[in-house]
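In: When you get a sec, could you give me coordinates for this:
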Amino acid sequence: MTRDHDLKRAIRKRMKATGERYTVARAAVVAPDPPAPSSGTSRSRGGTMAIALTDLLGELDEQGYAILRACITGDELAHLVALGDDVLTTRLAANQAEEDRRRAEGETGWVNVWHPGPPGVVSQLVTDRPEIAWIRNHEGLLEIESQATGAPATFRNVGVGFSLPGYGHQGFHADNGQPSQPIGEWTGLSFVITLTAPEKDSGGMRVIPGSHRTRPQPCEGWAMATHPDEVRTVTQPGDVLIHCSSLWKSNTFNGGTRPRGHVWV
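Out: Predicted coordinates for the structure are as follows:
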């Protein structure tokens, strides 16, 4: 049996015996606590969980990201796609109207209608739209965040994002620039729901596995280029990519023919 399997088995055994959350149990197995004085009080911080969730949290702890395949149902996805189409259509119409106005006023050359954001990228908060309320109360995703962070989970913001063909490449970055957390802990999680099917060269998110614990090197001047340890993720509509806020990742160039879209919480 591999070391990873041995570790996961030990974590499950401790969780079953103590009732601890995954984060507490894993931290104790990797770096055991000194013996505690005998007492009549339980040290448990929560109940047991399914093995599937335990393994998911283990993957997040080791790699800094994980993908839930087909997590969003067909009906739920249809609502998200409709919302995304509305956001994208509205933004592109507004951009065209601004360009027409500025052309009429005599502006020539390339008219940057994307400022202050990056060209070709649509990003908009939709938190208060009523058709998105169900995501903020998604029991499965909230349970993952709660078990990972060891605290009650809430989704304060929901956003829609698109990268248009010919745009979208970013430099590697972490959402949270604070020092890495100890094993078994996270500063926070993000959930990225894929809206559009991948096509040849349409790109997606790239990540550096393990960089949520160890800052990738070198860390100056390389962010836009290909990193030797990077992994290009491939997701289908309805998949959810989960990543730690301290993971180094970025979007990549959309060389396809259609906008690439996602919803994030």
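In: which regions of the stretch 151-265 of the chain sit below the pLDDT cut-off?
Out: Within the stretch 151-265 of the chain, the ranges that satisfy pLDDT under 70 run 179, 181, 183-185, 217-221.
In: now the helices for it?
Out: Taking DSSP state H, counting those that start in this stretch, the stretch 151-265 of the chain contains no helices at all.
In: how about A70, what does it touch?
Out: With contacts defined as Cβ atoms under 8 Å, 6 or more residues apart in numbering, A70 is in contact with Q236, G238, D239. Just so you know, the C-beta spots here come from the backbone N, C-alpha and C atoms, and that holds for glycine as well.
In: Distance to W248 for those residues - can I get that in TSV?
Out: Formatted as TSV, the contacts of A70 follow (distance: Cβ to Cβ, whole Å):
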residue	distance to W248
Q236	24
G238	26
D239	21
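In: Buried subset of those as a PyMOL selection?
Out: In PyMOL syntax, the buried subset of the contacts of A70 is picked out as below (16 or more other Cβ atoms under 10 Å):
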select buried, resi 238+239
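In: out of the contacts of A70, which one sits closest to F172?
Out: Distance to F172, by Cβ to Cβ, is smallest for D239 among the contacts of A70, at 21.9 Å.
In: how about the strands in the stretch 51-200 of the chain?
Out: Taking DSSP state E, counting those that start in this stretch to define them, one finds strands in the stretch 51-200 of the chain at 65-68, 121-125, 159-163, 189-194.
In: Could you dump those into a markdown table and include distance to S180 and mean neighbour count?
Out: Formatted as a markdown table, those follow (distance: least, Cβ to Cβ, whole Å; neighbours: other Cβ atoms under 10 Å):
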| stretch | distance to S180 | mean neighbour count |
| --- | --- | --- |
| strand 65-68 | 15 | 21 |
| strand 121-125 | 27 | 16 |
| strand 159-163 | 25 | 23 |
| strand 189-194 | 15 | 22 |
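In: And for this structure, the residue most distant from the center?
Out: Using Cα atoms, centre = their mean, the residue of the chain lying farthest from its centre is G106. It sits 43.0 Å away.
In: got a list of what it touches?
Out: Residues counted as contacts of G106 (Cβ under 8 Å, 6+ apart): none.
In: now swap in P209 and tell me
Out: If a contact means Cβ under 8 Å, 6+ apart, then P209 has E62, Q63, G64, Y65, D229, V231 as its contacts.
In: For the third one, give its distance to T214.
Out: Counting by Cβ to Cβ, to the nearest Å, the gap between G64 and T214 amounts to 10 Å.
In: Please apply the same query to the second one.
Out: Here the distance between Q63 and T214 works out to 12 Å (Cβ to Cβ).
In: Which one's more surrounded, those two?
Out: Q63 (19 against 11; other Cβ atoms under 10 Å).
In: so what's Q63 closest to, chain neighbours aside?
Out: Nearest in space to Q63, with sequence neighbours left out and distances taken as Cβ to Cβ, 6 or more residues apart in numbering, is P209 at 4.4 Å.
In: er, D239 I mean
Out: Distances taken as Cβ to Cβ, 6+ apart place T194 nearest to D239, at 4.9 Å, with adjacent residues excluded.
In: what residues are up against T154?
Out: T154 makes contacts with R136, L142, as judged by Cβ under 8 Å, 6+ apart.
In: can you do 10 Å?
Out: With contact set as Cβ atoms under 10 Å, 6 or more residues apart in numbering, T154 has these partners: R136, N137, L142, E145, S146.
In: Just the buried residues out of these, in ChimeraX syntax.
Out: Remark: buried members of the contacts of T154, expressed as a ChimeraX selection using 16+ other Cβ under 10 Å:
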select :142,145
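In: D239 and I67 touch, don't they?
Out: Yes. Using Cβ atoms under 10 Å, D239 is in contact with I67, at 5.8 Å.
In: Show me the common contact partners of those two, please.
Out: With contacts taken as Cβ under 10 Å, 6+ apart, the residues that reach both D239 and I67 are V192, T194, T233.
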